[in-house]
Structures are given as structure tokens and as C-alpha cells.
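[1] Have a look at this prediction, sequence included:
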Amino acid sequence: MSSVVAKGHDRGSFACVSTALLLFAFLCFLGAVPAAPLLAQGAAAPDARTADDEFSRQLNELKKTFTDLSKRIDDSAQTMGRSQNAEAARKEIEELRAHVGALLGAVADNGTVWNLGAKALRRAEDKLKALDQETRYKPEEKQFLIQRWRELKVATEGAIGELEKARKDFAELLRTLQTNEDFIDELLQVREHEKALEVIQRLTDGIRDASDKLKKLLTTIKPPGV
Amino acid sequence: MWPFAARLLGGMLVLGLAACNPNGSVGYVEIKTVPATSAPALYLDTAKLEPVRNGTAVLRQKVGTSKLQVDGEGGQLALLCNIVVQKNRITSVTVSSSTRPPRCQCGRNSTETPPNRTCVA
């Protein structure tokens, strides 16, 4: 699996967060916050949490976000379906774009979940290669470990496949929303209010379809190792 | 003295994190490569992209104008097209490598468009 890396734009955010963390550390030093337990947790976390654990955790988080978004999409479709005000409906589409965009960002090629999936898959592949060369264990022990890692690899590939589908669907939905929003905007500019409402009604059906797809996706995404 | 300093710094921390707004002002770029199997090495601004999987990549990108480039002659990067990234919108480009040099076409279909153009969502 490959992931696309375009990290340059993250530097500003990184510097910003670093400054905030530095301030936080200083605050701890002053004794205003009990520093020791927090630091202890922070130090233990990277060792305890492997790439696949983190990937599974992030996938579960993503599923929760999907659930929230699915409800939000249903609400938007309902509001837009009832609306007789094209301008208000256009605003609703704009808000919906922000939500869909956030999800697309999570599953984008340079998004967090995708990168963790790539890391988890690489780890499974590395482990299988290493176990193949392993001579310390009995054959049945070695075989057991290889079998478990193979299962984990297949499950990770499955989850990544579902993420790819999700990415395609979110990209399509975002494109539909922005194109319709632009068209509604054009219609409003030429005072075609009724025609704009027709477009909104059609879009409402499309949004409901997207919501159904999202609900199906929720049942198919399975974090590896679960 | 210490509680006051701590409160002051706490306030600075909250303000600092609020100012970061890591989710603000981003859009998306969809890059489709045709044919899917023989895509050239691509760069978004100066960041090299890993090979595009299954012929399509979607990238989260800061709002603004980004340059889609390929390796050119003499180790220099050659501009394919500019991509305007708008907040919470997706801009699609198709990179066709069936010609030399590769061409960038705005949109999802590889219709003939002039090279080095600017693609908008």
C-alpha cells in the first residue's frame, strides 16, 4: 500500500502546537498542574500502542464520527426538503460541505487514519518477513504466529479497502454538493428562485442516498484484530 | 504570584491553541492518473507524492494555489498546472502520461485542455 505525503503545510500547525505544549510544560513546572502522572502516561503510550492498535482505535473513532455525520446528513436533507428558501438551503449545503470535508480529510491519502493503516500494514508485512527468518521457536509456535499475523494483515487490507471506498464516496458527495451549490447560486443570481428550489429537491434525494451509503459503510468497516 | 503566573500562562495556552485552528482553511485535491499504471513521479509544490494507488489520490491541502509538478530536465521540477484549493471544496485534475511531457487536465475527464493552466474547484 502506498500513501501520498504532502506535509509542508503542516509545519505552521506543528510550530503552533509546539509553542502551546512548551507553555503547558512551563505551567507544569510552576506546580499549577500535577505534572508527574501526565508525563508518565505520555512516556508509556508510544511503547504500549503499536501501529495496528492505533489504527484500530482511530477506525473506531472514525466510525463514531460517521454515525454523527449520518445523522447530520439526514437532518440536513429533511431541512432542505422542507425549505422554501433557496438561500437558506444554499447555506445548509455549505455547512454540510464542511462536515463531509472533515471526513474526507480523515481518509485522504495524507490523512491520519490512512497513514496509520499504511503503517499497520507495513508492520504486518515486516513481521511476516521476520518470522519467516526466525529460528528460535518450534515450528508449530512459529506457524501459529505467522497465521495470526497473516489474519491481521488480511483484516488490515480489508479495512484499508473500505477506507478507499469511503474516500471515493466522500469525494463524490463533496463534488455533488459544491456543483449544486454553485448552480443554485447561479440560478439565484438570475432570480430563478423556483428553479433553484427544484435543484434543491433533487439534491435532497442525492443526499439521502449518500446517507444510506454511509450507514452501510458503518456496518462494513471492521477494525483489524476485532 | 505563582497562581497568577499560572493563570496567565494557562490563558496564553488556550489562546495559543485556539489560534492554531488545525482544521481551518483546508480543501482537497483529487489527482487522477491516466493510464493508472504508468504515472510519473508527481510533486505538489515541492513535496514528492508517493505513487498514486489505483490511479486516484485525494489529498488534504491548505487553501491557496498549489503547483503540480513533475521531474523535468536537469533535475529541475517542471510545472504541469496550478491547482486552486478552496475551503471545503475538491479540485480535480487528471494527469495524462500517455504524452511526453505529461499533461495536466482540469477536471476528472481527460478532455483536451491547454497545458500549464490553472485548475479551480
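    That came through, no problem. Numbers count the residues shown, from 1 in each chain, chains lettered A, B, ... in the order given.
[2] tell me the phi and psi of the most far-flung residue of chain A relative to its centre?
    In chain A, A:Lys138 marks the outermost C-alpha relative to the chain mean, sitting 40.9 Å out by C-alpha atoms, centre = their mean. When read as degrees, to the nearest 10, the backbone of A:Lys138 gives phi -70, psi 150.
[3] quick one: A:Leu131 and A:Glu140, what's the gap?
    The gap separating A:Leu131 from A:Glu140 is 13 Å, by C-beta to C-beta, to the nearest Å. Placement of C-beta: from N, CA and C, glycine included.
[4] Equivalent analysis for A:Ala88, please.
    On the measure of C-beta to C-beta, A:Ala88 and A:Glu140 end up 67 Å apart.
[5] Looking at those two, which is more packed in?
    Using other C-beta atoms under 10 Å in any protein chain shown, the more surrounded residue of A:Ala88 and A:Glu140 is A:Ala88, with 12 against 8.
[6] and that one, what does it touch?
    Listed by C-beta atoms under 8 Å, 6 or more residues apart in numbering or on different chains, A:Ala88 has no contact partners.
[7] Not counting residues beside it along the chain, what's closest to the most centrally placed residue in chain A?
    For chain A, A:Ala106 is the residue whose C-alpha lies nearest the centre (C-alpha atoms, centre = their mean; 2.9 Å). Leaving aside its sequence neighbours, A:Ala106 sits nearest to A:Val113 (C-beta to C-beta, 6 or more residues apart in numbering or on different chains; 5.2 Å).
[8] How many neighbouring residues does the one you found have?
    Neighbours of A:Val113 (other C-beta under 10 Å): 22.
[9] same thing with B:Gly74?
    B:Gly74: 5 surrounding residues under other C-beta under 10 Å.
[10] Equivalent analysis for B:Val70, please.
    Residues near B:Val70, counting by other C-beta under 10 Å: 18.
[11] separation between it and A:Ala120?
    Distance of B:Val70 to A:Ala120, computed by C-beta to C-beta: 31 Å.
[12] which is the next helix or strand following the strand or helix carrying A:Glu141?
    Here A:Glu141, judged by DSSP states H and E, is contained in helix A:139-189. Using DSSP H and E, the helix or strand that follows helix A:139-189 in sequence is helix A:193-220.
[13] Could you list the low-pLDDT ranges of the chain?
    Here I'm looking at chain A. Applying pLDDT under 70 to chain A picks out residues A:1-49, A:225-226.
[14] wrong chain, I was asking about chain B
    Scanning chain B for pLDDT under 70 picks out B:1-24, B:109-116.
[15] any idea where the helices of it begin and end?
    For chain B, applying DSSP state H gives helices covering B:2-20.
[16] tell me the domain ranges of chain A?
    Listed domain ranges for chain A are A:7-48, A:49-220 (source: automatic domain parsing).
[17] just to revisit the earlier point, could I get the contacting residues of the residue nearest to the centre of chain A?
    A:Ala106 makes contacts with A:62, A:65, A:112-114, as judged by C-beta under 8 Å, 6+ apart.
[18] mind checking how far the residue farthest from the centre of chain A is from A:Arg208?
    Using C-beta to C-beta, A:Lys138 is found at 57 Å from A:Arg208.
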